[in-house]
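**Q** Mind looking at a prediction? Sequence and model below.
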Amino acid sequence: MCSFALWPDRKRNREKYASLYFCCAVEDQENELITLEIIHRYVELLDKYFGSVCELDIIFNFEKAYYILDEFILGGEAQETSKKNVLKAIEQADMLQEEAEAPRSVLEEIGLT
């Protein structure tokens, strides 16, 4: 389900997926159908990453949801349209984070092992 609303200088798009609502405000000259496609792709990415995405996934993992959005959109434009490439970049970032959080011995930290 989606809807469009006109503001004095912007268009507002709202789309509902299951129990999630996504809203975007775009300039008058922008194509609102492309905005709906971007919202749809973002939901697909969230769904692929979290399994069946729900509001609790976003609430408790909002940093990851923003990171997925940052990998997908840069400066208001879609920078990568391939879901496979975006998910690969997110997977690599997850591995780096796990390595950084892994406990290390004192000798490893000072470079003696």
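**A** Cool, the structure landed. These figures come from a predicted structure and were not determined experimentally.
**Q** where in this protein is pLDDT low?
**A** 1-2, 4, 104, 106-107, 109, 113 (pLDDT under 70).
**Q** Please enumerate the strands of it.
**A** Taking DSSP state E as the criterion, the chain carries its strands at 2-6, 10-17, 20-27, 73-74, 77-78.
**Q** Glu91 is nearest to which of those strands?
**A** Evaluated over those, closeness to Glu91 peaks at strand 73-74, with 18.5 Å, by C-beta to C-beta. Just so you know, the C-beta spots here come from the backbone N, C-alpha and C atoms, and that holds for glycine as well.
**Q** Find the one among the strands of the chain with the highest mean neighbour count.
**A** Greatest average neighbour count among these goes to strand 10-17 (a mean of 16), per mean count of other C-beta atoms under 10 Å.
**Q** Can you list the strands that it pairs with?
**A** strand 2-6 (antiparallel), strand 20-27 (antiparallel) (DSSP bridges).
**Q** Just send those strands back as CSV, with distance to Ala65 too.
**A** As requested, the strands paired with strand 10-17 are exported to CSV (distance: least, C-beta to C-beta, whole Å):
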stretch, distance to Ala65
strand 2-6, 20
strand 20-27, 11
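**Q** Quick one: closest of those to Glu77.
**A** Between those, strand 20-27 lies closest to Glu77; by C-beta to C-beta that is 11.4 Å.
**Q** distance between the closest one and the chain's centre?
**A** With C-alpha atoms, centre = their mean, to the nearest Å as the basis, strand 20-27 stands 14 Å off its chain's centre.
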